[in-house]
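>>> okay, sequence plus prediction incoming.
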Amino acid sequence: MIWTYFPVSTLPTPNEIVWCRFPHHDSLGNPGPYARPGLVRNTGYDAAGNPAVELVYGTTKLKMQERRLDFFVTKQSEMDACGLYRATRFDLDEIHWLPWADEWFETRPGYTSPIIGKLSYYGIQALQTTIELRRALRAVAEARRRAAARRPKSGKQKKPERKKPSEPPASS
């Protein structure tokens, strides 16, 4: 599909919030039906040299108990800095590269571009802490998986066979 790319000079920077049409799982190559917030993780270029943005999916469905290891923007001051009008969860399991193009991003009323805000210093630190915690928990889970794979199938470890005591030498 041919996209209407924005100028490279307008690419957002990491930790900015943009208004985007994040794709649905069943249609990753096409813009979603409506715009939502996206957290910029990185920017770059596709194979043809067109600008692209790596985004984290944003939603106002917080699910704080079920999705504890996602990134949440809930403090009013942080929401204001990010240009968010409601508390938002950024799903760190839903990250995709999207074309930096008009079909994928929307300019909200009162803004001059799809960029609506940026994480504060506090927000960036909280995001980094969340990402580090996720990495550490994955490393622990992987170590446990490897340890379980090395255990015998029966679940019980075999005891080493005891050697019978040697008989004393025969006297003559």
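Arrived safely, thanks for sending.

>>> run through who's touching the host helix or strand of V40.
Per DSSP states H and E: V40 is located in strand 36-45. With CB atoms under 8 Å, 6 or more residues apart in numbering as the contact definition, strand 36-45 has outside contacts at 11-22, 51-59, 71, 82-84, 88, 90, 95, 97-98, 100, 116, 119, 127. The way it works is simple: take the backbone N, C-alpha and C, and place the C-beta from them, glycine included.

>>> give the buried subset of these as a ChimeraX selection command.
With 16 or more other CB atoms under 10 Å as the burial test, the buried ones among those are selected in ChimeraX as follows:
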select :11,12,15,16,17,18,19,20,21,22,51,52,53,54,55,56,57,58,59,71,82,83,84,88,90,98,100,116,119,127
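
>>> what about G38, how many neighbours?
If you count neighbours by other CB atoms under 10 Å, G38 ends up with 29.

>>> shaky segments in the protein?
154-172 (pLDDT under 70).

>>> and the strand ranked longest in it, how far from the chain's centre?
Using DSSP state E to define each element, the chain has its longest strand at strand 88-99. Offset of strand 88-99 from its chain centre (CA atoms, centre = their mean, to the nearest Å): 6 Å.

>>> counting by contacts, list what whichever strand or helix holds A147 packs against.
In the assignment (DSSP H and E), A147 maps to helix 121-150. Using 3 or more CB pairs under 8 Å, 6 or more residues apart in numbering; DSSP states H and E, the elements in contact with helix 121-150 are strand 71-73, helix 76-82, strand 88-99.

>>> please repeat the previous calculation with a cut-off of 7 Å.
Judged by 3 or more CB pairs under 7 Å, 6 or more residues apart in numbering; DSSP states H and E, the packing partners of helix 121-150 are strand 71-73, helix 76-82.

>>> buried stuff in the last one?
If I follow you right, that is helix 76-82. Under 16+ other CB under 10 Å, the buried positions of helix 76-82 are 78-79, 81-82.

>>> equivalent analysis for stretch 33-48, please.
Result for stretch 33-48 [16+ other CB under 10 Å]: buried residues 35-41, 43.

>>> return the closest of these with respect to A143.
R41 (26.4 Å; CB to CB).
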